[in-house]
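A.B. asks: Have a look; sequence and predicted model below, questions after that.
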Amino acid sequence: MRAWYLNDPHQACTPAILEELGACVGKAFEPDKGSDTLFLTAISEKELGAAFADTLKEFGREHCMGAVSEVQDFNVVGGQVYIDVRDSADAWIRVLLFKEDRLTLPSSVWRRLVPTTEDIHVDVAIASRPDPSNGVSKAASNGAGRKGGSAFSVKTYRFASPADERRAMAVWTQRRGQDGGTRQLIVDLCRQFYDLGWVTGTGGSISIREGNRVFMTPSGVQKERILPEELYILDMRGNHLYVPPESQPGRSPLKLTACAPLFFHTYRIRDAGAVIHSHGMDCVLATLLQGEDATEFQITHQEMIKGIAGHGYRSTLVIPIIENTPHEADLADSLADAIRRYPETTAVLVRRHGIYIWGKTWMQAKTQAECYHYLFRLAVEMHRLGIDYTATPRGDGATLSPAMLTKEKEALLARGEGMGCCSGAGGGELQGSHALNGSHENAGRYEKSGIKHVLMDIEGTTTSIDFVHQVLFPYASAQVGAHVREKLAENDPEVLGDIQALRDGCPEGCPPIPEEGGEGGREGLMEAVVKNVRWQMERDLKTTALKRLQGHIWRAGYAKGALHSHVYEDVPGALARWTQGGKGGWGA
Ligand SMILES: CSCCC(=O)C(=O)COP(=O)(O)O
Ligand SMILES: [Zn+2]
């Protein structure tokens, strides 16, 4: 058996790709019990006579058996034949079968049988039997593919007329790059991203997935000068389908990008269609703006946040930050960990290095990359101006609008004596406690500045991080059942909202939340909430829904005196100084 892509005959197709489609390559003719077997002896004009043209047409026609749910075994009893099958990106794979080869296709895969020459004697036995997967390919039943009965039918198009098809093809070709190829598209994007400063100094990288084929840039090269044939192609298991020419005159052998293991994590964990690794300077600054210890970058109330999947203008966009390592490939584990812990994120920042951004398609990845870079630039500028880009503006419930800051307040902030250190922009434990060591004169400055409220971060600022991990988290986990039971008994709309948020934002693999009034009643609902919350907490997920319910559990715990927090010893003094004269208010 040999298999390759019809649109690029140099591209071999591995058994891994066929297996992903649910196809299986074997040896020898063994019709299964209960099979209907059809012998197609001699697809030859001489043998078939008048029926030759129609037979050819019939077997050359594309078939998908999904509707009748049949598995077909193509058994070559003599000669050789092509069976063409479509991959998950709608590209034709040509499988050449020799005598005694056997190809098994599930019902969901489009196929056609093509003679290797116009007049060939080939004996093919096609045995059909019920498909136990009922039309769902292996990829889909694994959860790796698409939803629905036929895994790939969503990518299969039929046109009312040849003219319709030509029009659609023209549009798609244009969208995919002028020459219609993923290779050319990556080359073009590399040039564009170089001009934007994202892939300079040979740093940064791009990868695009076409079904089960993954295109990646070579390592350590001038990214803006890559040629289409210098790209690697791999299957989803990491097997090399295409390796660029090893030694060209005057050039060293091309290695695969060091980002490959990281790219594969986004493909395998998130089913991404494209990934961009940028070294843009604003990404690096974003990893430092909120302090070296910050594990997240946050920004809110910006129009461009709408460009990030699942976010709106008022959303707080949260991007995890992981620590850099001397070698790019060593980032893979912490990137995978961040992807799992932040199920809503489509990007991971790497401190003092750059960012990985992915999307379902290359266009979504590019749009998001542009929005992320814009937001980082904006955050840097806002920070420089002393404006808090993490704060909700007035009119949206904020106590202080950065835009309303007077010159005096800006001066206060610029001296590092104001909000910057304790409004969430500082974050680190050391930094937090130092931030409160203001002098008595500061109280006067606050008074003069007209600042009425100081909104303080807790974790590591007023209170130790250990308190959160050793007291607050276990409390939420232990109390979730009792809290939900109590609040549901009161028909409290807040808890109903919390439950709905958990239901809507249920991460992949997390125990789902049934509808109210469903099977199992309220007890079943409560049990599901407890399982869902504990599942997320065990994985240290940071979903909005989880944080929301945890916040409510802790608030109730403080209110009834079940929870008591310590504060660092300099906190009470600092708060007293800031509130001297009764001008300020504070809360922690
Ligand atoms: C100055 S580039 C250092 C390596 C790096 O961070 C990077 O992103 C490039 O990796 P590649 O192997 O794709 O060249
Ligand atoms: Zn890099």
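C.D. replies: Cool, the structure landed. Ligands and ions are numbered 1, 2, ... in the order given.

A.B. asks: Kindly report the residues of the chain close to ligand 1.
C.D. replies: Applying C-beta under 6 Å from any ligand atom, one finds that the chain approaches ligand 1 through 201-205, 217, 219-220, 257-259, 277, 328. No exception for glycine: its C-beta is placed from N, CA and C like everyone else's.

A.B. asks: out of those, which are buried?
C.D. replies: Buried subset of those (neighbour count, 16 or more other C-beta atoms under 10 Å): Gly203, Gly204, Ser205, Thr217, Ser219, Thr257, Ala258, Cys259, His277, Glu328.

A.B. asks: what about whichever residue of the stretch 51-200 of the chain sits closest to ligand 1, neighbour count?
C.D. replies: In the stretch 51-200 of the chain, the residue that lies nearest ligand 1 is Val199 (8.0 Å; C-beta to the nearest ligand atom). Here the number of neighbours of Val199 (other C-beta atoms under 10 Å) works out to 28.

A.B. asks: pLDDT weak spots in the protein?
C.D. replies: Scanning the chain for pLDDT under 70 picks out 28-47, 66-69, 117-122, 131-161, 164-165, 168-180, 246-252, 396-452, 579-588.

A.B. asks: who's in contact with the most centrally placed residue in it?
C.D. replies: Compute the mean C-alpha point of the chain, and by C-alpha atoms, centre = their mean the closest residue is Arg270, 4.2 Å away. Contacts for Arg270 (C-beta atoms under 8 Å, 6 or more residues apart in numbering) come out as Ile339, Thr346, Trp358.

A.B. asks: between the residues you listed, which is closest to Asn212?
C.D. replies: Trp358 (16.9 Å; C-beta to C-beta).

A.B. asks: what's the helix or strand Trp554 falls within in contact with?
C.D. replies: Assigned by DSSP states H and E, Trp554 belongs to helix 544-559. Helix 544-559 is contacted by residues 344, 472-473, 475-476, 479-480, 483, 494-495, 498, 501-502, 504-505, 533, 536-537, 563, 565 when judged by C-beta under 8 Å, 6+ apart.

A.B. asks: Next secondary structure element downstream of it?
C.D. replies: Trace forward from helix 544-559 with DSSP H and E and the next one is helix 570-578.

A.B. asks: List the buried residues in that next one.
C.D. replies: Going by neighbour count (16+ other C-beta under 10 Å), the buried part of helix 570-578 is Val571, Ala574, Leu575, Arg577, Trp578.

A.B. asks: tell me how far that helix is from the chain's mean position?
C.D. replies: Chain-centre distance of helix 570-578: 44 Å, with C-alpha atoms, centre = their mean, to the nearest Å.

A.B. asks: you'd agree Val304 is up against Ala369?
C.D. replies: To be clear, residue 304 is Met; Val isn't right here. No - counting by C-beta atoms under 8 Å, Met304 does not reach Ala369; the two are 11.9 Å apart.

A.B. asks: Who has more neighbours out of the two?
C.D. replies: Taking other C-beta under 10 Å, Met304 and Ala369 do not tie; Ala369 has more neighbours (30 against 17).

A.B. asks: could you say what helices and strands the host helix or strand of the more buried one packs with?
C.D. replies: Using DSSP H and E, Ala369 sits within helix 362-384. Secondary-structure packing of helix 362-384 (3 or more C-beta pairs under 8 Å, 6 or more residues apart in numbering; DSSP states H and E): helix 182-195, strand 274-278, helix 281-289, strand 296-300, strand 354-359.

A.B. asks: again, 10 Å this time
C.D. replies: Taking 3 or more C-beta pairs under 10 Å, 6 or more residues apart in numbering; DSSP states H and E as contact, the helices and strands that helix 362-384 lies on are helix 182-195, strand 205-210, strand 274-278, helix 281-289, strand 296-300, strand 316-322, strand 347-350, strand 354-359.

A.B. asks: before we move on, the earlier item: can you put the residues of the chain next to ligand 1 in a markdown table and add secondary structure?
C.D. replies: Compiled in a markdown table, the residues of the chain next to ligand 1 are given as follows (DSSP: H, G, I helix; E, B strand; the rest coil):
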| residue | secondary structure |
| --- | --- |
| Gly201 | coil |
| Thr202 | coil |
| Gly203 | coil |
| Gly204 | coil |
| Ser205 | strand |
| Thr217 | coil |
| Ser219 | coil |
| Gly220 | coil |
| Thr257 | coil |
| Ala258 | coil |
| Cys259 | coil |
| His277 | strand |
| Glu328 | helix |
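
A.B. asks: okay, now the closest residue to Phe98 other than its chain neighbours: neighbour count?
C.D. replies: In space, and not counting its chain neighbours, Phe98 is closest to Gln80: 5.0 Å by C-beta to C-beta, 6 or more residues apart in numbering. Number of residues near Gln80 (other C-beta under 10 Å) recorded here: 18.

A.B. asks: Same question for the one 4 residues further on.
C.D. replies: Look at Asp84: counted by other C-beta under 10 Å, it has 17 neighbours.

A.B. asks: so it makes contact with Val95?
C.D. replies: Yes - using C-beta atoms under 10 Å, Asp84 is in contact with Val95, at 7.2 Å.

A.B. asks: shared neighbours, those two?
C.D. replies: Common neighbours of Asp84 and Val95, using C-beta atoms under 10 Å, 6 or more residues apart in numbering, are Ala3, Arg111.

A.B. asks: quick one: the residue nearest to Phe98 and Val95, what's the gap?
C.D. replies: Gln80 is 11 Å from Val95, where distance means C-beta to C-beta, to the nearest Å.

A.B. asks: distance between stretch 213-222 and the chain's centre?
C.D. replies: In this view, stretch 213-222 has its centroid 20 Å away from the chain centroid, taken as C-alpha atoms, centre = their mean.

A.B. asks: scratch that, stretch 227-247
C.D. replies: Here the centre of stretch 227-247 is set off from its chain's centre by 23 Å, with C-alpha atoms, centre = their mean.

A.B. asks: How about stretch 520-529?
C.D. replies: Remark: stretch 520-529 is offset 31 Å from the chain centroid, using C-alpha atoms, centre = their mean.

A.B. asks: now stretch 212-226
C.D. replies: Relative to its chain's centre, stretch 212-226 lies at 21 Å (C-alpha atoms, centre = their mean).

A.B. asks: can you pull the buried residues of that stretch?
C.D. replies: In terms of neighbour count (16+ other C-beta under 10 Å), stretch 212-226 has its buried residues at Asn212, Arg213, Val214, Phe215, Met216, Thr217, Pro218, Ser219, Val221, Lys223, Ile226.

A.B. asks: pretty sure the first one contacts Ser88?
C.D. replies: When you say that, I think you mean Asn212. Yes - with contact defined as C-beta under 10 Å, Asn212 reaches Ser88; the gap is 5.9 Å.

A.B. asks: Pull the number of nearby residues for the closest residue to Pro512 other than its chain neighbours.
C.D. replies: Leaving aside its sequence neighbours, Pro512 sits nearest to Cys506 (C-beta to C-beta, 6+ apart; 5.4 Å). A count of nearby residues for Cys506, using other C-beta under 10 Å, gives 19.

A.B. asks: Tell me if Cys506 really is in a strand.
C.D. replies: No - applying three-state DSSP, one finds Cys506 to be coil, outside a strand.

A.B. asks: Any idea which residue of the stretch 451-588 of the chain lies closest to ligand 1?
C.D. replies: Taking C-beta to the nearest ligand atom, the stretch 451-588 of the chain has Lys542 as its residue nearest ligand 1, at 26.2 Å.

A.B. asks: That residue touches Glu344, doesn't it?
C.D. replies: Yes - between Lys542 and Glu344 there is a contact under C-beta under 10 Å: 8.2 Å.

A.B. asks: list the residues that contact both of those two?
C.D. replies: Shared contacts of Lys542 and Glu344, defined by C-beta under 10 Å, 6+ apart, are found at Val318.

A.B. asks: Tell me what the nearest residue to Cys283 once chain neighbours are set aside is bridged to.
C.D. replies: In this structure, Cys283 finds its nearest non-sequential neighbour in Ile355, 4.2 Å apart by C-beta to C-beta, 6+ apart. Beta-bridge partners recorded for Ile355 (DSSP bridges): Ser278, Leu349.
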